[in-house]
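Visitor: Show me how the following folds:
(3 chains)
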Amino acid sequence: MSTMLHTVNKSPLERNALDSCLRLAGAGSAILLIEDGVYGALRGTSAADRIAARVRDFKIYVLGPDMAARGLSEAPLVDGIEVVDYEGFVDLVAEHEAQQAWL
Amino acid sequence: MAYQLNGTTFEADEEGYIKDISQWSRELAELIAEDENITMGDDHWEVVNFLRQYYEEYQIAPAIRVLTKAVKKSMGPEKGNSKYLYELFPYGPAKQACKIAGLPKPTGCI
Amino acid sequence: MMDEDDFNPEVVKRFLFVNRKAPYGTVYALESLETVLISAAFDQDVSVVFMDDGVFQLKKGQDTAGINMKNFSPTFRALDGYDVEKLYVEKESLEARGLTEDDLVVDVEILSTDELREIMAAQDVVISA
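Guide: Numbering: from 1, shown residues only, chains lettered A, B, ... in the order given. All right, here's what the predicted structure looks like:
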């Protein structure tokens, strides 16, 4: 089985892309939240529990520049989610054999 | 269209608004004003500088009604009225002064 | 050339803009804001609602340098100068996102769903984004 990097670019408060990703991603996959997907990393939202319940099953990342654009640089994140910059994004792409985008 | 200044080309749209606000300089403003048949005096500069501050703060070029009101608040009623502003910029204070200030066309411009 | 100072609209309608999208991920938020400004420049009676992910448009501290897009959150503070003073935020939407009034770039009126429903019902034109 190939190692997979999943990207999610929709807000979990508006669409179910993150929920579907969390339901279908294989154990040990990496998940990177980008664009409006970064709202999924926030603590204290009505969607936070759903991702918090799965942080041990996946390695979950969030893209820093997309957080900053939305005024979330200082916002508290769900425990276990790691912020990466564009370089980190490139590294994640290089480290994984395939990618799946949840749009 | 485009403006030429000291051997450099500054891209502008078909109405003469420069495309890259970061390229603006006082020299370029004077060239744009010349194109609009305006000789920049202190009163012109006061309005142009005011517009640049407004843009810096709000990230838009104001409609004329909003500009007039803001000038009135900042510089008083003798300057914050359309007669005064039209004397400085006869073809529309918001449009002409914004163009000279390097801003985009005012939002909500008729 | 028309002097917008003397522009007297024959018909003033009650326009309500309903913003439900987060900024930057799609173009809806910016387009809606531009339409609000144009409507206000025509002296219409404009109200703006932020609900669902639309409340994220007002989040303080936005810095778009890293994504190469224009940060339009400062423009919400210009609305007052355009006489757009009726800014509403749905309480439930704000709370579901872990936000409070202090997190927002402008003063708004926080409304319950019931209060918002009444405001929506009182409009001539509702524009959704």
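Visitor: which secondary structure element contains the nearest residue in space to C:Ala129 that is not next to it in sequence?
Guide: Nearest residue to C:Ala129, sequence neighbours excluded (C-beta to C-beta, 6 or more residues apart in numbering or on different chains): C:Ser32, at 3.6 Å. All C-beta atoms are positioned from the backbone trio N, CA, C, and that covers glycine. With secondary structure defined by DSSP states H and E, C:Ser32 is part of helix C:28-41.
Visitor: Repeat that for B:Gln53.
Guide: helix B:42-58.
Visitor: With only the CA atoms kept, save the next helix or strand after that helix in PDB.
Guide: Next helix or strand after helix B:42-58 toward the C-terminus (DSSP H and E): helix B:64-75. Presented in PDB, the C-alpha positions along helix B:64-75 are these (Å, rounded to 0.1, in the frame of the first residue of the first chain):
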ATOM      1  CA  ILE B  64     -16.700  61.000  -4.200                       C
ATOM      2  CA  ARG B  65     -19.400  61.400  -1.600                       C
ATOM      3  CA  VAL B  66     -17.300  59.400   0.900                       C
ATOM      4  CA  LEU B  67     -14.200  61.400  -0.100                       C
ATOM      5  CA  THR B  68     -16.000  64.700   0.400                       C
ATOM      6  CA  LYS B  69     -17.200  63.600   3.800                       C
ATOM      7  CA  ALA B  70     -13.800  62.300   4.900                       C
ATOM      8  CA  VAL B  71     -12.000  65.500   3.700                       C
ATOM      9  CA  LYS B  72     -14.600  67.600   5.600                       C
ATOM     10  CA  LYS B  73     -14.000  65.600   8.800                       C
ATOM     11  CA  SER B  74     -10.200  65.900   8.400                       C
ATOM     12  CA  MET B  75      -9.700  69.400   6.900                       C
END
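Visitor: follow-up on the earlier one: the helix holding B:Gln53 - contacts with which helices or strands?
Guide: Counting contacts by 3 or more C-beta pairs under 8 Å, 6 or more residues apart in numbering or on different chains; DSSP states H and E, helix B:42-58 is packed against helix B:64-75, helix B:82-88, helix B:93-100.
Visitor: tell me the most buried of those?
Guide: Ranked by mean neighbour count, those are led by helix B:93-100 with a mean of 26 (mean count of other C-beta atoms under 10 Å in any protein chain shown).
Visitor: Which pLDDT value belongs to the closest residue to B:Leu67 other than its chain neighbours?
Guide: Spatial nearest neighbour of B:Leu67, excluding adjacent residues (C-beta to C-beta, 6+ apart): B:Ala94 at 5.3 Å. pLDDT, B:Ala94: 82.
Visitor: Please name the bridge partners of the residue nearest to the spatial centre of chain A.
Guide: Per C-alpha atoms, centre = their mean, the C-alpha nearest to the average position across chain A is that of A:Leu33, at 3.0 Å. Beta-bridge partners for A:Leu33, by DSSP bridges, are A:Val8, A:Val62.
Visitor: Now do residue 25: how many residues are near it, please.
Guide: Just going to use chain A. Using other C-beta atoms under 10 Å in any protein chain shown, A:Ala25 has 20 other residues around it.
Visitor: look at chain C instead
Guide: When neighbours are counted by other C-beta under 10 Å, C:Gly25 comes out with 23.
Visitor: residue boundaries of the strands in chain A?
Guide: Under the criterion DSSP state E, strands of chain A are mapped to A:4-8, A:30-33, A:59-63, A:82-84, A:98-102.
Visitor: Turn these into CSV, including mean pLDDT.
Guide: Formatted as CSV, those follow (pLDDT from 0 to 100):
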stretch, mean pLDDT
strand A:4-8, 98
strand A:30-33, 98
strand A:59-63, 98
strand A:82-84, 98
strand A:98-102, 97
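Visitor: Just name the most buried of the ones you listed.
Guide: When the strands of chain A are compared using mean count of other C-beta under 10 Å, strand A:30-33 is most buried, at a mean of 26.
Visitor: which residues touch that strand?
Guide: Residues outside strand A:30-33 that contact it (C-beta atoms under 8 Å, 6 or more residues apart in numbering or on different chains) are A:3-9, A:18, A:21-22, A:25, A:40-41, A:58-63, A:66, A:81, A:84, A:89, A:92, A:95-96.
Visitor: can you give me how far it is from the chain middle?
Guide: On the basis of C-alpha atoms, centre = their mean, to the nearest Å, strand A:30-33 sits 4 Å off its chain's mean C-alpha point.
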